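1. Provided below for reference: sequence and predicted model.
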There are 2 protein chains.
Amino acid sequence: MTENKNIIASGSQRLEGRSRPKRKPQVQRNKDKLRLIPLGGLGEIGKNLTVFEYKEDIILVDCGLKFPDDAMFGIDIVLPDFNYILENQEKVKGVVITHGHEDHIGGLVYLLKKIDIPIYATKFTMGLIDKKLKEHGLLTKTTRIIVKPKDRIDIGGFNVEFIRVNHSIADAVGLCIKCAAATVVHTGDFKIDYHPIGGEIIDLQRFAKIGSQGVDLLMSDSTNVESAGFTPSESTVGPTLYNLFRGAKGRIIVTTFASNVHRLQQVIDAAVEYKRKVIICGRSMENVSEVAMDLGYLKVPVNVLVQLKDIKNYKDKELVIITTGSQGEPMAALGRMALGEHRHLTIKKEDMVIISASPVPGNEKMVSEVINKLVELGSDVIYGRFAEIHVSGHAKQEELKLMITLVKPKHFLPVHGESRMLMQHAELAVNVGMNKERTFIAENGNILEIDKRSVQIVGKTQAEPILVDGLGVGDIGNIVLNDRKRLSEDGLFIVVCTMHKGKAISGPDIISRGFVYVRESEELINNAREEVKKALISCEEKGIIDWNSIKNVIRESLFKYLYEKTQRKPMILPILMEV
Amino acid sequence: MTENKNIIASGSQRLEGRSRPKRKPQVQRNKDKLRLIPLGGLGEIGKNLTVFEYKEDIILVDCGLKFPDDAMFGIDIVLPDFNYILENQEKVKGVVITHGHEDHIGGLVYLLKKIDIPIYATKFTMGLIDKKLKEHGLLTKTTRIIVKPKDRIDIGGFNVEFIRVNHSIADAVGLCIKCAAATVVHTGDFKIDYHPIGGEIIDLQRFAKIGSQGVDLLMSDSTNVESAGFTPSESTVGPTLYNLFRGAKGRIIVTTFASNVHRLQQVIDAAVEYKRKVIICGRSMENVSEVAMDLGYLKVPVNVLVQLKDIKNYKDKELVIITTGSQGEPMAALGRMALGEHRHLTIKKEDMVIISASPVPGNEKMVSEVINKLVELGSDVIYGRFAEIHVSGHAKQEELKLMITLVKPKHFLPVHGESRMLMQHAELAVNVGMNKERTFIAENGNILEIDKRSVQIVGKTQAEPILVDGLGVGDIGNIVLNDRKRLSEDGLFIVVCTMHKGKAISGPDIISRGFVYVRESEELINNAREEVKKALISCEEKGIIDWNSIKNVIRESLFKYLYEKTQRKPMILPILMEV
C-alpha cells in the first residue's frame, strides 16, 4: 500500500487484516527508514504501546493495559501483544512513558518480567511506576531514569525530547522523537490548560518551534475528538467545590480518579478553607496520594489529614472524605458505602456526596446504581448533570486543531481512539489543511515506514489483545470465553453413568448448576433421567458402543427435551466412567 | 407513617422495606379510601404497573416488562410481581394502557395467562397489543375495548378519562381516574410537542380543566427530570433528515426505535421527496410498520415500499433501508450488517448510516461498537453527537413544571424513574409551589391510601422483580444467578470418581470448561488429579467415609491447589458414583 491511498482505503486494508488474524510474513525492512508499529491504542481506548525502530535500535513509547469489556468473562485485564518486542528484544534500548495512567503504565511489569529494559519517565510518573515495580519485586533490578520537560536524551540511535503537556494527571509529557531518518511528534494524552493547577502550562512554544523545524509525522490523542469546543481548565472545578463546601451541613464525601492529584489538591484546599479535616479512603487513593505527597505534587498542611479509623473523634461538619469508587465499582470504598457495607463509614442523611468524575464508557449503569443507592440512603448527591464538578483531561476539537496547526506535520496519524474517533480526527486534520493523502488511519500491528519523503503502511505484525486472568497471561482464548458465556446464560447439566463392558451399570446421576432451581424442578430432573435411560437403551439396541457416539446421543436427546420444556440451552456434559 | 413525613423520611422508610424483602402482613384496609399500589416503575425505568383499588373494585394501569441488567445472567425479561393482583383477582375489572411501549404492554400476556380481564387502550396501542395476544393464542378469548382521547369510561367503581399526550409513539394518553374517594391524574409517559407529527397536540386545556376541578394526586413521568429545558419537537428531526438525504450519494440506512411511527413517517416522507424506495428490515420494524399502516398511523404512497429480497433490482441511490438495531444489539439487522453477517445486505463505502436514536442507559458500549464497525467498513455514520437526528419522547424540567402547574394537585407522586429521578422530581415540584409534606417518594409495593383530605403510605406488599428465562417465569432465583455468575468468571472443574464400598475404584477423571485451555494445561490437570488422589488417601487414612465429607475434602484441596497455581476460583464439582 502506498501513501497515495486515502483514509477510506486504509480503512478497508485494515479490515482485510482483521479477517486474517494470524501473523503474516513480515515485510522486508527498509533499513534507512524509521519503522513505527502501534501495538495498542488504535481502534480502542487503552493499552497504549508503540514501537519505534531505526536500524539496530528500538524504543517503546508507553506500555499500558486495558480493562476488559463485558464479553470477556472473568478476565482481569488486557495487555498489548509483546510478540514483536520479544522477537527483537536484543534491539530494545528502553521504554519512554508519557504519563502515569494505567493505560500507559499498567502493562510495564508484565513486559519487564520478560525483558530487562530501562524506563524513562518524569518524576511523578516514575513514582507511580515504582509502586508497581516494588509490588512485583522488580524495583531494584530495573534501571529507571527520571526526566524533566525540555530534557533531550539519546536512547540508542534516537533522541527523545520531553515536552510539557496538560492532562488529568500531574507531570504528563508529549515527545519529540528524532532519528536520522525522520522526526516524529507524539502528543501523548493532552489538553490545553491555560490555568492549570500547579501552574505548568503545556509548552505550546516548544511544539511550535519543533513544528517550524520540520516534523515528518504527528501522532495525536483522539479521545475527545467527538466533542466540539475547548475542554475547560482544571481550575474551573475549584470554585464549584468551594460553593458546595460552603453550603454543606454534614460530612462531605468526594470521589474522583485517584491519579488526578490536581483535583485532590483542589479538594484539600477547599477543606482547609472551610476548616475541615481530610480522610483518604480506598487503596488506590491512599497509594497515589502517598506518592504525590512524598514527591511534592500534593501539598497538605500539617494536621489536616486524619485516619479513617479515627473518624469518630470528629464532628461531621469537620470532615471531608476523599474516596475511590468514582466509576461505581461495587467493591470500591464509595460502592461499599452505598451498599451499606463499609466497615468504618455509614452514609447519613446530612452527608453530601460529590461525584467529581464522569463515567468511563461502559460504566454508566454502575455509576447510576451507586448514585441511586446513595440517594435512597438520604444523602445529597452532586453529580455531573447538575454542577461543574468535573472536567475532562483530553483535548476537544479546537485544541486538536491548534496542535495540528502548531506542529504542521508532513503526515498525520491519529492515535488513542476507537475507529470512529480516528476517522473523525483524520477528517478534522484535513479540514485544517492536512493533505488527505498524508493522513493515515492505522490499526494495531500495522507497520509504518517513515522518512523525510513519505510515510507508508508496509505490512502488519501480530497485535492481538492478550487476556490476563489471575496468574494466566494469554492462556485464555475464545474457546474458554465461549464456554464461560454459555455457562453464564443457561448454566450446566451434567449426566454421569458408570459403564461396564459397554453397559451402564449405575446412574445416570444428574447434577445441574445455574440452570433451574433444583428443589422446584424435581419432575424435570426425573424426566431428564428417564430420557437418558431411553437414549442408553437405544444405543444398546442399535449396537452403538463408541463412547463419543453414546455421549452424542445422550447430549442430543437431553438438549431436545430440556429445550422443549424450558426453552433454555444449558451446557450438557455427559460423563461415562468405566469400572 | 403519616403524610407529615417529608420526602427524606419516605426515603428511609423505603429502605427499611428493602432490607426485609419478605411479604409483610398487609395493613387493615380503610374501605372508604382509594388504595393505590405501584407494582413497578418506581425506583426503576421499566415494568410499569399500578393497582387502583376502591371498595370491591380494582383497575390496573399498564402492565409492562423490563429488560434485564448485566447481573441477571441469561434472563430474557423481568416482570412486575402479580401476587397482589392474583390474590385479589375477583376484584380486578380491567387493565387500562397508556401507550404501546414494551415497558407498558410487555407484561400483559403473562398476566392474561393467569387472569382473564378486559383491556382498555387506544387504537394504535391495541393494534400492538393484538399482535402479542395473537402470538400467545389469547386474542379471541380476551375482551379488548378501544378508546379515544376525551372518552370517559366507567370500569367498576371507577371513571377513567383518557387524555391525549405526546410521546415517542403514536396514540399515547394520560389518565384521569376518579372514584367516590378521590381524583387521580396519571400522565403516563409524556412530552409536550407543539408541532407533533400527525398533528395531535397534548390536551393541555383538559389537564388544566381537570386541575381546576380539584385533583387529589398527580402521578407524573420522571424519566427526563435530570435534563434542563424543553424537549424539542419530533418535527425538528425532519429537516435534518432532508438535509442528509439531499447529500447522500449511495444507499441510506436509517435505524430507530421500531415503535416510533412518527419517526418512520418522517423517514418515509424524506425518501419520497428524494425519489427513493423504502425497505423495512428487521422483525419488530416489520411488525410495527404493518400495524401502523393497517390502522392508518403510517402513510406510505403506493410503490414506495419494496422487499429486501428484491434489493438487487434497485440502484443504491434509489434506496432507503429502515432497520432495527438502534441499540447496538448484535443480533438485530443493523448489528448483523456491521458484523458483515447480514444475509441480504453488505455495507458499502458509499452507504450513509443514520442512527436516529440515543442509546438506552447500559447500551452505550454496544452502540459504539456497531458505529465503529460501520466506520471500519467505510460507511458514513451519522449519530447523536454530530447532528439533530433524534429527540427524546419524555418531558424535561420545564415541561414537568408546566404539568404540575396546570394540574395543581393536592398531592404529588413522581413515577417512572430511578430513585435519584423521583427525588429530583419531588424537589422540582416543591420548587414550583408543592407543599413538601404532600410530595411522596414511594417504592414498588408501597400501599398508598388516598381521599379528599390526605394521602398516606400505610404499608407494603410484595413487589419483587420476577425473572423470566425461556419458559420459566419466576423459577430463577439468586442461587441460580449466583451459580451463573461464578461459572462466567472462572468456569468449572469437575472431578468424577467411582466408588465401591467406600473406596475409589476408578478415576479421578477430570473435566473442565471455561477454566483453562485444556490442551495447554496438561500438567495442571495431571497435578490436580494427583491432588485428588492424595485427598482420597487422606480420607481413607482418617476414616472419613461420609460422601459429603469426602467431597468437601476434595473440593478444599483442589480449590487451594488451583488458586495457588492460577489465582482463579472455578466452581469445583466432585462427583462420586457408587457401583
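-> Happy to help now that I have it.

2. rest of the way, CA atoms for contacts and neighbours
-> OK.

3. Could you pull up the residues touching the residue of the stretch 351-500 of chain A found nearest chain B?
-> Nearest residue of the stretch 351-500 of chain A to chain B, counting by CA to the nearest CA: A:Glu489, 3.7 Å away. With contacts defined as CA atoms under 8 Å, 6 or more residues apart in numbering or on different chains, A:Glu489 is in contact with A:Pro570, B:Phe73, B:Gly74, B:Ile75, B:Arg484.

4. Same check on A:Asn446?
-> Counting by CA under 8 Å, 6+ apart, A:Asn446 has contacts A:Ile37, A:Pro38, A:Ile457, A:Val458, A:Gly459, A:Lys460, A:Thr461.

5. got the phi/psi numbers for the residue of the stretch 351-500 of chain A closest to chain B?
-> In terms of degrees, to the nearest 10, the main-chain angles of A:Glu489 are phi -90, psi -50.

6. thinking A:Val51 is in contact with A:Gly40, fair?
-> No: judged on CA atoms under 8 Å, A:Val51 makes no contact with A:Gly40 at a distance of 9.9 Å.

7. who has more neighbours, those two?
-> Higher neighbour count among A:Val51 and A:Gly40: A:Gly40, with 31 against 22, using other CA atoms under 10 Å in any protein chain shown.

8. Let me know the distance separating that one from A:Gly46.
-> As judged by CA to CA, to the nearest Å, A:Gly40 and A:Gly46 stand 7 Å apart.

9. Please save the CA atoms from stretch A:535-550 in CSV.
-> The C-alpha trace of stretch A:535-550 is given here as CSV (Å, rounded to 0.1, in the frame of the first residue of the first chain):
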residue,chain,number,x,y,z
ALA,A,535,-31.1,-42.9,25.0
LEU,A,536,-28.8,-45.5,26.5
ILE,A,537,-31.2,-48.3,25.6
SER,A,538,-31.5,-47.1,22.1
CYS,A,539,-27.7,-47.1,21.8
GLU,A,540,-27.6,-50.7,23.1
GLU,A,541,-30.3,-51.7,20.6
LYS,A,542,-28.5,-50.0,17.7
GLY,A,543,-25.2,-51.5,18.8
ILE,A,544,-23.6,-48.1,19.4
ILE,A,545,-20.7,-48.8,21.6
ASP,A,546,-18.2,-46.0,20.9
TRP,A,547,-18.3,-43.7,23.9
ASN,A,548,-18.2,-40.5,21.9
SER,A,549,-21.2,-41.6,19.9
ILE,A,550,-23.1,-42.6,23.1
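
10. buried residues in it?
-> A:Ala535, A:Leu536, A:Cys539, A:Ile544, A:Ile550 (16 or more other CA atoms under 10 Å in any protein chain shown).

11. Out of these, which two sit at the greatest distance?
-> By the measure CA to CA, A:Ala535 and A:Ile544 form the most distant pair in the buried residues of stretch A:535-550, at 10.7 Å.

12. residues near the closest residue to A:His342 other than its chain neighbours, how many?
-> For A:His342, ignoring the flanking residues on the chain, the nearest one in space by CA to CA, 6 or more residues apart in numbering or on different chains is A:Arg336 at 4.9 Å. Using other CA under 10 Å, A:Arg336 is surrounded by 19 other residues.

13. so A:Arg336 sits in a helix?
-> Yes: counting by DSSP: H, G, I helix; E, B strand; the rest coil, A:Arg336 is found in a helix.

14. That one is in contact with A:Pro330, isn't it?
-> Yes: checked against CA under 8 Å, the pair A:Arg336 and A:Pro330 is within contact range at 6.2 Å.

15. So for stretch A:470-482, mean pLDDT?
-> Taken as a whole, stretch A:470-482 has a mean pLDDT of 85.

16. go on, stretch A:549-562?
-> If you average the pLDDT values across stretch A:549-562, you get 93.

17. Now tell me what touches that stretch from outside.
-> Contacts of stretch A:549-562 (CA under 8 Å, 6+ apart): A:528, A:531-532, A:535-536, A:539, A:544, A:568-569, A:572-576.

18. If we use 10 Å, what do you get?
-> Stretch A:549-562 has contacts (CA atoms under 10 Å, 6 or more residues apart in numbering or on different chains) with A:493-495, A:502, A:524-525, A:527-536, A:538-540, A:544, A:547-548, A:564-565, A:567-576.

19. so of those, which ones are in strands?
-> Among the contacts of stretch A:549-562, the residues falling in strands (DSSP state E) are A:Phe493, A:Ile494, A:Val495, A:Met571, A:Ile572, A:Leu573, A:Pro574, A:Ile575, A:Leu576.

20. tell me the two of these that are most distant?
-> A:Met571 and A:Leu576 (16.3 Å).

21. Spatially central, which residue of chain A would that be?
-> By CA atoms, centre = their mean, the mean C-alpha position of chain A lies nearest to A:Lys66, the distance being 2.8 Å.

22. Please tell me how far that one sits from chain B.
-> Using CA to the nearest CA, to the nearest Å, we find A:Lys66 at a distance of 15 Å from chain B.

23. and that residue, bridged to which residues?
-> A:Val78 (DSSP bridges).

24. rewinding a little: hey, what's in contact with both of A:Gly40 and A:Gly46?
-> Common neighbours of A:Gly40 and A:Gly46 (CA under 10 Å, 6+ apart) are A:Cys63, A:Gly64, A:Leu65, A:Lys66, A:Leu79, A:Pro80, A:Asp103, A:His416.

25. Can you tell me which of those comes closest to chain B?
-> Nearest to chain B among the shared contacts of A:Gly40 and A:Gly46, with distances taken as CA to the nearest CA, is A:His416, at 14.0 Å.

26. That closest one: how many residues sit nearby?
-> The number of residues near A:His416, taken as other CA under 10 Å, comes to 25.
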